[in-house]
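Novice: below is the sequence, then the predicted model.
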Amino acid sequence: MKISVCGKGGSGKSTIVSLLAERFAAAGKEVLIIDSDESNYGLHRHLSMENPKEFTGFLGGKEEVLKDMMLSNFTHQFFEGQWKLSDIPKGYYTEKNGIKLMVSGKIHQANEGCACAMGTVMKQFVSRLTLEENQIAILDMEAGIEHFGRGLDDEVDLILMVCDPSYESAKLAVKIGELSGRLQKPVYYVLNKVDEESRKVLEQAIGDPERILAVLPVEPELTKAALLGQKLILENSELNQAAKKICRTQI
Ligand SMILES: Nc1ncnc2c1ncn2[C@@H]1O[C@H](COP(=O)(O)OP(=O)(O)OP(=O)(O)O)[C@@H](O)[C@H]1O
Ligand SMILES: [Mg+2]
């Protein structure tokens, strides 16, 4: 199963990706996390893992990828055939306790251009990736919905939106519901950093309580661990249930 974890900036996507990945691994799944956010550098620290080499580098680097894209009028295929988890080249993933981590590529320099190269490579890669039943891939997306525009969400089986208590998240929950519906992908939500009042507002925006897999309050230990670049650990039964429900979802 392939899952995209999305939501507005700072809602808690990377936090939820890290916490869910641990639960999937504990349930015996072989987990691949794809860090598909070109702007943030700290996901590996949430997992207490080393960063791998950026996957765009495997294809010659961002400039080469862009050149291939432009010379082919954006039809270039970067991969041949299907890929298994075991096909990911050494150095382009790190691994710990049943979790593999890949990084699409980051913006490093001023004026280096947009992140289309990384988006195109990841869309094609995820499309080619064939997973066995006990394997799960989780994409930690960049903030917002550009990844829908790039077509990356068309390649996943399930969309999980993280909603923080904000007007923007309430609006985005509706929009992501529509976008997922058009792609015919099941969409679920995690309400994060909410209290009773904000929970009700978000529940109303989402409309269907069955779609809300977990509700998390502000957890000071998460804020502190994230600040110090330490591994994120959280006991939370709703998140355990959410992981189980995702694993049980029939695609
Ligand atoms: N339940 C929580 N309790 C306390 N702090 C949280 C919780 N969830 C996330 N945070 C904090 O909120 C901030 C944003 O979280 P995170 O980086 O996971 O969000 P994000 O959606 O991935 O952000 P970005 O859009 O920048 O990628 C971090 O400081 C994180 O520690
Ligand atoms: Mg993030």
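Specialist: Arrived safely. Ligands and ions are numbered 1, 2, ... in the order given.
Novice: ligand 2 contacts on the chain?
Specialist: Applying Cβ under 5 Å from the ion, one finds that the chain approaches ligand 2 through 13, 14, 40. Where you see a C-beta, it was placed from the backbone N, CA and C, and this is true even at glycine.
Novice: are any of the residues you listed buried, and which?
Specialist: Buried subset of those (neighbour count, 16 or more other Cβ atoms under 10 Å): 13, 14.
Novice: ok, and of the residues of the chain next to ligand 2, which contact ligand 1?
Specialist: 13, 14, 40 (Cβ under 6 Å from any ligand atom).
Novice: just the ones of the residues you listed in helices?
Specialist: Among these, DSSP state H puts 13, 14 in helices.
Novice: which of the ones next to ligand 1 among the residues of the chain next to ligand 2 lies closest to ligand 2?
Specialist: residue 14 (3.3 Å; Cβ to the ion).
Novice: hmm, the closest one is touching residue 43, no?
Specialist: Yes - judged on Cβ atoms under 8 Å, residue 14 makes contact with residue 43 at a distance of 5.1 Å.
Novice: follow-up on the earlier one: now pLDDT too, for the ones next to ligand 1 among the residues of the chain next to ligand 2, in a markdown table please.
Specialist: Compiled in a markdown table, these are given as follows (pLDDT from 0 to 100):
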| residue | pLDDT |
| --- | --- |
| 13 | 97 |
| 14 | 97 |
| 40 | 90 |
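Novice: which parts of the protein are strands?
Specialist: 2-6, 30-36, 94-96, 99-103, 135-141, 158-163, 187-192, 212-216 (DSSP state E).
Novice: residues contacting residue 123?
Specialist: Contact partners of residue 123, counting by Cβ atoms under 8 Å, 6 or more residues apart in numbering, are 150, 151, 152, 154, 155.
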